[in-house]
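In: sequence isn't available, so here's the structure alone:
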């Protein structure tokens, strides 16, 4: 009987083990990871776009600060320019040229709106200016002492626009008024009109100047030249110089250099047609080495 009771106990215990074993086995299985809350999930790719926006904005700002043009001006004679411009504003470039040369650069309203794309290096001033505008004028100061002509005014215009006024840059204080007289001793008044014996004769033909003066005051000679060429003559001081010359078919520049180092001639050059137009004749003091124009 004891054996039978033992067998039943064993069977009961085995049944209990069989019932409990599945639950225990399930308890021993690894648990799946818990789902993360929505806040901890990775943000969509679209939400990362603002993080890259500052880098793109910085690049755009850097590009905006990059100048559209660069300019270099060599003032050593002869003046030259180096320019690199991609759609740069002509008004800004002209202002920089004016600053570098200390010369007015005047644009018409139409040219003030223009943008230019040009690139050249160490080009002479006149050639460089012709690449900036269809029509260019330059006012020069020429000295009787042989110095190189100096630009005193630059005009950038569109094609077929009216030329700038002659006194736009070159202006004077006054014009000389002379009372001419015969300074040749022994010359009778009846013979003054005789060209062969006249102490002063000035003629202009095809922009060429011929002067014959025998011991004449420099002021009288310059006044006569200005009258023939139809330009103002300004006398900064009363010179006592006497002139004794005889030349034919000189340009105004050649005549000025022949007569006296104290003369200043202002003239305008059209860089498209290379037509030269005298503007003003000025007699300055020997000690006056400064520019005589009024800006």
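Out: Yep, that arrived. What you are looking at is a predicted structure, and each value in this text was computed from that prediction instead of being measured.
In: wait, residue 155 touches residue 137, no?
Out: Yes. The pair residue 155 / residue 137 is scored as a contact, 4.2 Å apart, by CB atoms under 8 Å. (Each C-beta comes from the backbone N, C-alpha and C, glycine too.)
In: shared neighbours of the two, anything?
Out: The contact sets of residue 155 and residue 137 overlap at residue 164 (CB atoms under 8 Å, 6 or more residues apart in numbering).
In: for these two, indicate the residue with more neighbours.
Out: residue 155 (25 against 22; other CB atoms under 10 Å).
In: against residue 91, how distant is that one?
Out: Distance, residue 155 to residue 91, by CB to CB, to the nearest Å: 14 Å.
In: same thing with residue 152?
Out: For residue 152, the distance to residue 91 - CB to CB - is 21 Å.
In: looking at those two, which is more packed in?
Out: Counting neighbours by other CB under 10 Å for residue 152 and for residue 91 shows that residue 152 has the greater number, 22 against 15.
In: need the phi and psi values for the more buried one.
Out: Dihedral angles of residue 152 (phi, psi; degrees, to the nearest 10) stand at phi -120, psi -10.
In: report the contact partners of it.
Out: 103-104, 139-141, 169-170, 266, 291, 293 are the contacts of residue 152 under CB under 8 Å, 6+ apart.
In: of those, grab the buried ones for ChimeraX.
Out: Burial among those is assessed by 16 or more other CB atoms under 10 Å; the matching ChimeraX selection reads:
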select :103,104,139,140,141,169,170,266,293
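In: so which of the contacts of residue 152 belong to strands?
Out: Among those, DSSP state E puts 139-141, 266 in strands.
In: reformat those as TSV; add pLDDT.
Out: Shown next, in TSV, are these (pLDDT from 0 to 100):
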residue	pLDDT
139	98
140	97
141	97
266	97
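In: from these, pick the one nearest residue 121.
Out: Closest approach to residue 121 among the ones in strands among the contacts of residue 152 (CB to CB): residue 140, at 24.4 Å.
In: still on that earlier bit, residues shared between the contacts of residue 155 and residue 91?
Out: residue 107.
In: now render the contacts of residue 152 as JSON lines, adding distance to residue 112.
Out: Below are the contacts of residue 152 laid out as JSON lines (distance: CB to CB, whole Å):
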{"residue": "103", "distance to residue 112": "18"}
{"residue": "104", "distance to residue 112": "14"}
{"residue": "139", "distance to residue 112": "20"}
{"residue": "140", "distance to residue 112": "24"}
{"residue": "141", "distance to residue 112": "26"}
{"residue": "169", "distance to residue 112": "18"}
{"residue": "170", "distance to residue 112": "22"}
{"residue": "266", "distance to residue 112": "26"}
{"residue": "291", "distance to residue 112": "27"}
{"residue": "293", "distance to residue 112": "24"}
